[in-house]
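Enquirer: can't give you the sequence, but here's the structure:
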């Protein structure tokens, strides 16, 4: 079952996500872009990716980067979620269609986003704090602890894009 407005407000109150109450929609919660971006390193001198902590970037045509949400997730065993790019951002030519699912038990972590500028000639401005996407929450029966992301996941307790990438 997809959670709607009253339940989404409870999700915030219960600490499942530390989102702003004003970012709750009818059946999703808007999430914001953090200020850490990981880009492909064009020189590739042993490091495939390089990190920048800045408030604003210009994602060049056909450029890929990793970014993260400001919001931290603490999904219980009976809630999973999915990320969807805001349509207003997608209409500018930004794409995110890779890892969209967030398993039950994803704990104390931000969501890492794989962003790609599909445009051929124009850059896309990304600003820390901007609403980048929406989270849709799904309630279901409890996932057994042994099969939950809390036990089996590799990106729990990752509060930055670097940690989520495995660069600790």
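Expert: Good, I have the coordinates. None of these values were measured; they are calculated from a predicted model.
Enquirer: Pull the contacting residues for residue 17.
Expert: 11, 29, 31, 71-74, 135 (C-beta atoms under 8 Å, 6 or more residues apart in numbering). Where you see a C-beta, it was placed from the backbone N, CA and C, and this is true even at glycine.
Enquirer: which one among those gets closest to residue 118?
Expert: Ranked by distance to residue 118 (C-beta to C-beta), the contacts of residue 17 are led by residue 31 at 21.0 Å.
Enquirer: Which residues does the host helix or strand of that closest one contact?
Expert: Following DSSP states H and E, one finds residue 31 within strand 29-32. By C-beta under 8 Å, 6+ apart, the surrounding residues in contact with strand 29-32 are 8, 11-12, 17, 19, 23-24, 69-71, 83, 86, 111, 129-135, 137.
Enquirer: want to throw the contacts of residue 17 into TSV with secondary structure and pLDDT?
Expert: Formatted as TSV, the contacts of residue 17 follow (DSSP: H, G, I helix; E, B strand; the rest coil; pLDDT from 0 to 100):
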residue	secondary structure	pLDDT
11	helix	97
29	strand	98
31	strand	98
71	strand	97
72	strand	97
73	strand	97
74	strand	96
135	strand	98
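Enquirer: so which of those comes closest to residue 94?
Expert: Distances from residue 94 to the contacts of residue 17, taken by C-beta to C-beta, are shortest for residue 31, at 14.4 Å.
Enquirer: close enough to count as contact, residue 122 and residue 94?
Expert: No - here residue 122 lies out of contact with residue 94, judged by C-beta atoms under 8 Å, at a distance of 11.1 Å.
Enquirer: Quick check on the contacts of residue 17: which are buried?
Expert: Neighbour-count burial (16 or more other C-beta atoms under 10 Å) applied to the contacts of residue 17 gives 11, 29, 31, 71-74, 135.
Enquirer: Pick out whichever of the residues you listed sits closest to residue 154.
Expert: So of these, ranked by how close each gets to residue 154 (C-beta to C-beta), first place is residue 73, at 14.7 Å.
Enquirer: Alright, I will stop here.
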